[in-house]
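Enquirer: Please find the sequence and the predicted model below.
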Amino acid sequence: MSTDLRYPEPANPAFLFDLDGTLIDSVYQHVIAWRSALAGLGIDLSVWRIHRRIGMSGGLFVTALLRETGLSLTQEQIDDLQHAHAAAYTEQIDSVKPLPGAISLLSELTERGVPWAIATSGYAATARRALDMLQLPEDTPMVTRDLVRRAKPDPDLFLAGAALLDIEPRSAMVVGDSVWDLLAARRAGSLGIGLLSGGYGRDELERAGAFRVYADPADMLNRLDELGVRQSR
C-alpha cells in the first residue's frame, strides 16, 4: 500500500507591520517630541517613562502619563499637547531612517507573493511620509489612527489591516516592537512577532505574546523560513 500522502501546498502567511520602531528608526524621535511637548505645558518627565508608552495612541499615551504623574489636563490642553508632539516630531523627520533590512524585507515579501500591510498608531499626516523613505508607492496598504475608532492596545488597527488584505485576522502575523503591538495582536487573534529595534527587551515581548523575537527587520528577513514563508513559484 502506498504511503505517499499528498496534501495541499500551504499558503504563505500574511503580515501586518507596525511602523515606528518596526520598519523605521523613529522611536527616540517620538520620545524627544513628546518630552518637548510636555515641557511646553510645564510637565517634566524622564525619557524612560515616555519611552515605555510609545506605541500607544496619542490619547491613551497622555492618559497613561497623567495617571502616573497624578496631573490633570483639560481636553483643550490634551489636544494642544498632541499637536505640539506632531510638530516637534516633524521637525526631526529628516533624521528618521529605515531600520536595517526593512526595505529588503518588504521587497522580498512582495516578490514571493506574500500579502502585507502597515498598521500604525500614527496619524496619516506623519505616517504616510514614511512611504518615501521605505521606497514604497503611495497606494501601499496602510491603516493609520485616523481610520479606526481605537488604537493599540485595542485590536482595531490590525483588524482593519486584515480586512484591507481581505483575510481573516487569524491568518495574519503581526510584527511589532512594543508590548502594545503584541497585546493588540493577541486581542485580534493574530500571532505576534516581536522586534528588539524599538527598545523593549526579549522577555518583555515574549511575555506580551511574541512567539518569535528578532533583532530587527534584517534578522527577520534572514529567518523567514521559520515563519512559514516559502519561495513563490
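Expert: Received the coordinates, thanks.

Enquirer: got the phi/psi numbers for the spatially most central residue of the chain?
Expert: The centre of the chain sits closest to residue 18, judged by CA atoms, centre = their mean, with a distance of 1.8 Å. Dihedral angles of residue 18 (phi, psi; degrees, to the nearest 10) stand at phi -70, psi 170.

Enquirer: State the distance from it to residue 188.
Expert: 13 Å (CB to CB, to the nearest Å). C-betas here are computed from N, CA, C, even on glycine.

Enquirer: joint contacts of these two?
Expert: residue 174 (CB atoms under 8 Å, 6 or more residues apart in numbering).

Enquirer: tell me the contacts of the residue nearest to the centre of the chain?
Expert: By CB under 8 Å, 6+ apart, the neighbours of residue 18 are 55, 118, 119, 120, 121, 174, 175, 176, 177, 178, 181.

Enquirer: Between those, which sits nearest residue 98?
Expert: Nearest to residue 98 out of the contacts of residue 18 is residue 118 (CB to CB; 12.6 Å).

Enquirer: Bridged to that closest one, which residues?
Expert: Counting by DSSP bridges, residue 118 is bridged to residue 17, residue 142.

Enquirer: in the helix-or-strand element of the chain with minimal mean pLDDT, what's buried?
Expert: Least confident element among the helices and strands of the chain, by mean pLDDT, DSSP states H and E: helix 58-69 (a mean of 76). Residues of helix 58-69 classed as buried: 58, 60, 61, 62, 65 (neighbour count, 16 or more other CB atoms under 10 Å).

Enquirer: picking that back up, sort out for me which of the contacts of residue 18 are in helices.
Expert: With DSSP state H as the criterion, helices contain residue 181 from among these.

Enquirer: quick one on the thing from earlier: now for the least confident helix or strand of the chain, which elements pack on it?
Expert: Counting contacts by 3 or more CB pairs under 8 Å, 6 or more residues apart in numbering; DSSP states H and E, helix 58-69 packs against helix 47-51, helix 75-91.

Enquirer: Could you figure out how far it is turned away from helix 75-91?
Expert: 110 degrees (axes from the mean of the first three to the mean of the last three CA atoms, to 10 degrees).

Enquirer: Any buried residues in stretch 21-40, and which?
Expert: 21-38.

Enquirer: And stretch 155-172, by the same measure?
Expert: Buried residues in stretch 155-172, counted by 16+ other CB under 10 Å: 155-162, 164-165, 167, 169, 171-172.
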